[in-house]
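# Test case, fold it:
(one chain, ligands or ions: 2)
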Amino acid sequence: MTSLSQILSVSAARHSHLCPRQVLGARIGLAGAAALGLDLPRQDKRLLAILETDGCFADGVEAAAGCTVGHRTLRIEDYGKIAATFVDARTGQAVRLAPHLDVRQRACEYGDDETRHYFAQLHAYQVMPEAVLLTIQPVQLKIPVEKIVSRAGVRVNCQTCGEEIINEREITIGGGHVLCQACALGGYYTPQLSEMPISVELAYSGEV
Ligand SMILES: [Zn+2]
Ligand SMILES: [Zn+2]
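Ligands and ions are numbered 1, 2, ... in the order given. Reported below is the predicted structural model:
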């Protein structure tokens, strides 16, 4: 078991500073795994973390739980909230953790007489008892964890844009038409009419 201070030094080194949100991420990562009865750090992909924001908080969770985007054990549902759900991919059991709503006020009690809020929180979030710091709520995922994780090697092509879709992220509409989410629902971008003016020299900088 890695200690909180070791986790925070890993997180801070990646991040070039230590801040209260990293501490919350580390505490939530540790508490989330513990609530599921899973030891950390994990070498397998059994623990899936679904974070509700990116940024410093995510670095703290990653340092504590060892979940990463690259291993497909960390996902972001960007609600802009300091909160995370941890899922045992083997059993489907899931818990959502978030700081108590009054955590900033309570931090003063644990802030080591620090009058600057930021530094009071930085210290307090490391020492506050878990029950004072966090809420831990059992939840059920709307999409089963097997679907979220999907299977390696599954691939289809969108029948509108032709691009390949992996991990069963396609949408099948009436008549068995297989579409990517961008074509089916409208994506997060709008295609622009003009193409990027990439010069021939730039595109083929090597010898022709
Ligand atoms: Zn930060
Ligand atoms: Zn498409």
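# thought residue 22 was touching residue 16?
No - judged on Cβ atoms under 8 Å, residue 22 makes no contact with residue 16 at a distance of 11.1 Å. Bear in mind the C-beta positions are built from the backbone N, C-alpha and C, glycine included.
# So for the two, which sits in the more crowded spot?
Using other Cβ atoms under 10 Å as the criterion, residue 22 and residue 16 rank with residue 22 on top: 29 against 6.
# Can you name every helix or strand that whatever helix or strand residue 50 lives in contacts?
Counting by DSSP states H and E, the element that carries residue 50 is strand 47-51. Contacts defined by 3 or more Cβ pairs under 8 Å, 6 or more residues apart in numbering; DSSP states H and E place strand 47-51 against helix 20-35, helix 56-65, strand 74-76, strand 84-88, helix 145-149.
# now the first one against strand 47-51, angle please.
It stands for helix 20-35. Counting by axes from the mean of the first three to the mean of the last three Cα atoms, to 10 degrees, helix 20-35 lies at 140 degrees to strand 47-51.
# returning to what we had before: for residue 188, find the nearest of the helices and strands packed on strand 47-51.
Proximity to residue 188 (Cβ to Cβ) singles out strand 74-76 among the helices and strands packed on strand 47-51, at 13.3 Å.
# In the closest one, which residues are buried?
For strand 74-76, the neighbour count (16 or more other Cβ atoms under 10 Å) marks 74, 75 as buried.
# Could you check how far that strand is from the centre of its chain?
What separates the centre of strand 74-76 from the centre of its chain is 3 Å, taken as Cα atoms, centre = their mean, to the nearest Å.
# Next: stretch 81-99.
That offset, for stretch 81-99, works out to 11 Å (Cα atoms, centre = their mean).
# Which elements pack onto the helix or strand residue 183 falls within?
For residue 183, the element it lies in under DSSP H and E is helix 181-185. Judged by 3+ Cβ pairs under 8 Å, 6+ apart, helix 181-185 is in contact with strand 171-173.
# quick one: strands adjacent to the strand it packs on?
Paired with strand 171-173 in the same sheet, following DSSP bridges, are strand 177-179 (antiparallel).
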